[in-house]
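[1] Here is my input; please provide its structure:
(one chain, ligands or ions: 1)
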Amino acid sequence: MADDKEVIEALANEKRLFEPSLEFVKKANTASSALYEEAARDHEGFWARQARELVSWFTPWDRILDWNLPFAKWFVGGRLNISYNCLDRHVESGHGDRVAIHWEGEPGDKRTITYFELLDQVKRFANVLRDLGVSEGDRVNIYLPMIPEAAVAMLACTRIGAAHSVVFGGFSSQALADRINDASAKVLVTADGGWRRGEVFPLKSQADEALENTPSIEKVVVVRRGGNDVSMKPGRDHWYHELMEEASSDCPPTPLDSEHLMFLLYTSGTTGKPKGIMHTTGGYLTHVTYTFKYVFDIKPETDVFWCSADVGWVTGHSYIVYGPLANGATQVMYEGVPNYPGNDRFWEIIERYKVTIFYTAPTAIRTFMKWGSEEPAKHDLTSLRMIGSVGEPINPEAWMWYREHIGGNQCPIIDTWWQTETGGVMISPLPGVTATKPGSATFPIPGVAAELVDDAGKRVERGGGYLTLTKPWPGMLRGIWGDQKRYQETYWSRFAGRYFAGDGAKLDDDGYLWLLGRVDDVMNVSGHRISTTEVESALVSHPNVAESAVVGANDATTGQAIVAFVTLRGGSNVSEKDLRDHVAKEIGPIAKPKTIYFTPDLPKTRSGKIMRRLLRDVAEGRNLGDTTTLADASVVDELRKKATAAPNED
Ligand code: PRX
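    Numbering: from 1, shown residues only. Sure, this is the predicted structure:
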């Protein structure tokens, strides 16, 4: 990061500035600096106003904030229900007929779901969960493709005060089992399978494997989507459509304490064990509703929003399910990949539904660039009025391509920085206010306080540093499920009194923030967070592997690519493909190393520490600097020779 001079210098030379157009400003939900000023004057009062105006409460709170660093309680004593905020209140105010979700399956099948219909399904499924024995405070695991039932299941949990734990459908059975067990979930909601790249991928069979080792699960609900064969265990497994048919649609929303646990979402840290990030009810909802209104500038009456993320990630939680629905917006939800049946599927969808706001990841944008600007040019994208990016640093070139070929040179771009832990957007332009620079996430949004610090924790006013957050915010994580010590150590111990995000960033002469990526052992591959240790543990769990070291190497499309260095057990042999498949089985296909180097030894310091920096240099083909601290320098020579040979990949 901070020492990555080339990147910093290249970014520092970025002088282009794009002001929002007059036309955009005229209609923007906020077009002045008033929100920034209000938040700077009275941080808590500012958030309290958002909570009061944007969220419906059954019981008002007594105190805005209890802050006992690092533990926050927001809107203390208040009671509310999230599904009520996302559904009932829109139906009650006469918007039941508004489309909540235009859903499109990968094969081309379509469903249109109004707010009224979504509410009806959520109430039924809430009753289904209750009938299966789920009560307030229980955890429900969700392992589904991108189908509306995912949103129904999540909202149904919030209706009765159960916490959901959604596991991305691309994760392996082992990863699912680990997450179920950590959360002690009672019920699993899954599907037979889903569509991806023109084929059905099985989910239930993966779930079945996981369920062999998940004693807490009592019942399984299976949505029929793929139509593939599944085995159903009598007494335990039930079809979603059968239960829904019988379920009552009478289910009043349960008033829940503002600090009631709303969901767990597992994310990679620097150790092998994923962390169950805890989010609670009132603060999270306030944060996502507020950001969706002002950062995404939503006009519920006229906009059609589309976020191309998966509900299995935090982006899907905050900006497919809760932010859009709490605002009463209409959105598109798409099941499959961007290149089925052709490379223009996304642009076809934007044209079909007249999408006005599109939100995707830099990896996707770089892939679209590779496919060529003729793909979007085949479609009318003039409905778009704003476009956004999330998940990784966006390089200026991709930003400019996105602006020109998707945004038609007239849409503001919001590059939004945030994390699973922050719940919602933290650093981003306000599209009607901020002049943007290609590749910069610009400034903390009103209500968020961010500062860079150096190694010693001293504030950095210009140049590179570690990104920290200095004030509590409503959407902040409330801890790590079952491990509050780890919460404190991971986020709050590196710099006294500050939340350390794990990212490096740079402040330019105009005070703009440029995110530079992770500074810890967390990789960011196609916008997905994967820890090096997690992949290393998966590799060494293979019987033939003695030792491994994993690094993230820069990759022009995926941001980072996973590169593994592996030492095999004496006399044994295993192919790269087998090892990749093994990692896919342990974690999921997203964690498969792109390149594996076999080496008789790993470069280590004399005290036995693996020299990752050196391995990164090897992986990225850089000249190696100082290797004098190495215990055995010949190891590196060998590796360097291998790295100059063409890397293999599936
Ligand atoms: O490194 C940052 C990167 O993604 C990390 C958070 O990952 P996750 O919890 O999976 O959430 C991703 C979606 C919110 C951050 O620590 N990141 C996210 N957004 C950006 C980003 N890096 C640069 N620019 C962004 N806009």
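[2] can you tell me how far Arg63 sits from Leu469?
    21 Å (CB to CB, to the nearest Å). (Glycine included, C-beta is placed from N, CA and C.)
[3] Tell me which of those two has more neighbours.
    Applying other CB atoms under 10 Å to Arg63 and Leu469 shows that Leu469 carries more neighbours, namely 22 against 13.
[4] For that one, list each beta-bridge partner.
    Ala450, Tyr499 (DSSP bridges).
[5] doesn't Arg498 make contact with it?
    Yes. Taking CB atoms under 8 Å as the definition, Leu469 is a contact partner of Arg498 at 6.8 Å.
[6] how is the chain carved up into domains?
    Residue ranges for the domains of the chain, per automatic domain parsing: 22-503, 523-643.
[7] what's the most buried one of the ones you listed?
    domain 22-503 (a mean of 20; mean count of other CB atoms under 10 Å).
[8] And the contacts of the longest helix anywhere in the chain?
    If each helix of the chain is counted by residues according to DSSP state H, the longest one is helix 115-131. For helix 115-131, the external contacting residues (CB atoms under 8 Å, 6 or more residues apart in numbering) are 83, 87-88, 90-91, 95-101, 113, 140, 148, 151-153, 155-157, 159-160, 162, 187, 221, 240, 243-244, 247-251, 325, 328.
[9] Can you name the residues in contact with the helix or strand just after it?
    Remark: after helix 115-131, the chain's next helix or strand is strand 139-143, criterion DSSP states H and E. Contacts to strand 139-143, defined as CB under 8 Å, 6+ apart, come from residues 129, 134, 150, 153-154, 157, 162-167, 169, 171, 176, 179-180, 183-191, 203, 206-207, 217, 264.
[10] Which ones among these map onto strands?
    163-166, 187-191, 264 (DSSP state E).
[11] leaving aside the residues next to it on the chain, what's closest to Pro444?
    The shortest distance from Pro444 to any non-neighbouring residue, by CB to CB, 6 or more residues apart in numbering, is to Ala450 (4.4 Å).
[12] mind listing what the one you found touches?
    By CB under 8 Å, 6+ apart, the neighbours of Ala450 are 426-427, 444, 467-470, 513.
[13] again with Tyr512
    Contacts of Tyr512 (CB under 8 Å, 6+ apart): 437, 440, 442-443.
[14] Okay, the closest residue to Gly193 other than its chain neighbours and Thr30: tell me how far apart.
    With CB to CB, 6+ apart as the criterion, Gly193 has its nearest non-adjacent residue at 2.7 Å, and that residue is Gly226. In this view, Gly226 and Thr30 are 44 Å apart by CB to CB.
[15] again with Arg89
    From Arg89 to Thr30 the distance is 22 Å (CB to CB).
[16] was I right about Met278 contacting Leu264?
    Yes. Between Met278 and Leu264 there is a contact under CB under 8 Å: 6.0 Å.
[17] Need the overlap of contacts for those two.
    Residues touching both Met278 and Leu264 (CB under 8 Å, 6+ apart): Trp481.
[18] Pull up the residues of the protein that are close to the ligand.
    267, 314-315, 390-393, 415-420, 441, 501-503, 515, 517-518, 524, 529 (CB under 6 Å from any ligand atom).
[19] mind listing the strands for the stretch 551-650 of the chain?
    559-568, 595-598 (DSSP state E, counting those that start in this stretch).
[20] tell me the residue furthest from the middle of this protein?
    Using CA atoms, centre = their mean, the residue of the chain lying farthest from its centre is Gly571. It sits 41.8 Å away.
[21] picking that back up, how much space separates the residue nearest to Pro444 from Val230?
    47 Å.
[22] same thing with Phe58?
    Taking CB to CB, one finds Phe58 at 40 Å from Val230.
[23] Could you do Ile350 as well?
    Counting by CB to CB, the gap from Ile350 to Val230 is 34 Å.
[24] ok, now which ones touch the closest residue to the ligand within the stretch 251-400 of the chain?
    Going by CB to the nearest ligand atom, the ligand is nearest to Pro393 of the stretch 251-400 of the chain, at 4.0 Å. With contact taken as CB under 8 Å, 6+ apart, Pro393 is in contact with 362, 439, 514-517, 559.
[25] taking the residues you listed one by one, which sit in strands?
    Counting by DSSP E, the contacts of Pro393 contribute 514-517, 559 to strands.
[26] Would you reformat those residues as CSV and include distance to Leu17 and pLDDT?
    Formatted as CSV, the ones in strands among the contacts of Pro393 follow (distance: CB to CB, whole Å; pLDDT from 0 to 100):
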residue, distance to Leu17, pLDDT
Trp514, 14, 96
Leu515, 18, 94
Leu516, 20, 90
Gly517, 24, 87
Gly559, 25, 91
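[27] In the stretch 251-400 of the chain, where is pLDDT below threshold?
    Nowhere does the stretch 251-400 of the chain drop to pLDDT under 70.
[28] for it, what spans make up the helices?
    Ranges of helices within the stretch 251-400 of the chain are 281-294, 314-316, 323-326, 345-353, 362-371, 374-377, 396-401, based on DSSP state H, counting those that start in this stretch.
[29] next one: the stretch 101-250 of the chain
    Under DSSP H, counting those that start in this stretch, the stretch 101-250 of the chain gives helices at 115-131, 148-160, 173-183, 204-211, 240-246.
[30] now these in JSON lines, with distance to Tyr334 and mean pLDDT?
    JSON lines is the format used below for the helices of the stretch 101-250 of the chain (distance: least, CB to CB, whole Å; pLDDT from 0 to 100):
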{"stretch": "helix 115-131", "distance to Tyr334": "17", "mean pLDDT": "98"}
{"stretch": "helix 148-160", "distance to Tyr334": "11", "mean pLDDT": "99"}
{"stretch": "helix 173-183", "distance to Tyr334": "23", "mean pLDDT": "96"}
{"stretch": "helix 204-211", "distance to Tyr334": "22", "mean pLDDT": "98"}
{"stretch": "helix 240-246", "distance to Tyr334": "21", "mean pLDDT": "98"}
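[31] what about the residue in the stretch 301-450 of the chain that the ligand sits nearest to, distance to Gly269?
    With CB to the nearest ligand atom, the shortest gap between the stretch 301-450 of the chain and the ligand falls at Thr420, namely 3.3 Å. Note on Thr420: its distance to Gly269, by CB to CB, is 10 Å.
[32] quick one: which of the ones in strands among the contacts of Pro393 is nearest to the ligand?
    Distances from the ligand to those, taken by CB to the nearest ligand atom, are shortest for Leu515, at 3.5 Å.
[33] measure that closest one to Trp401 for me?
    19 Å.
[34] which ones are touching the nearest residue to His90 once chain neighbours are set aside?
    Residue nearest to His90 in three dimensions, not counting chain neighbours: Gly328, with 4.4 Å by CB to CB, 6+ apart. Gly328 is in contact with 90, 95, 98, 115, 300, counting by CB under 8 Å, 6+ apart.
[35] OK, contacts around the second one?
    With CB under 8 Å, 6+ apart as the criterion, the residues that contact His95 are 115, 300, 328.
[36] Pull up the gap between the nearest residue in space to the second one that is not next to it in sequence and Ser56, please.
    Read it as Pro300. Using CB to CB, 6+ apart and skipping the chain neighbours, the partner closest in space to Pro300 is Gly328 (4.2 Å). Separation of Gly328 from Ser56 (CB to CB) stands at 12 Å.
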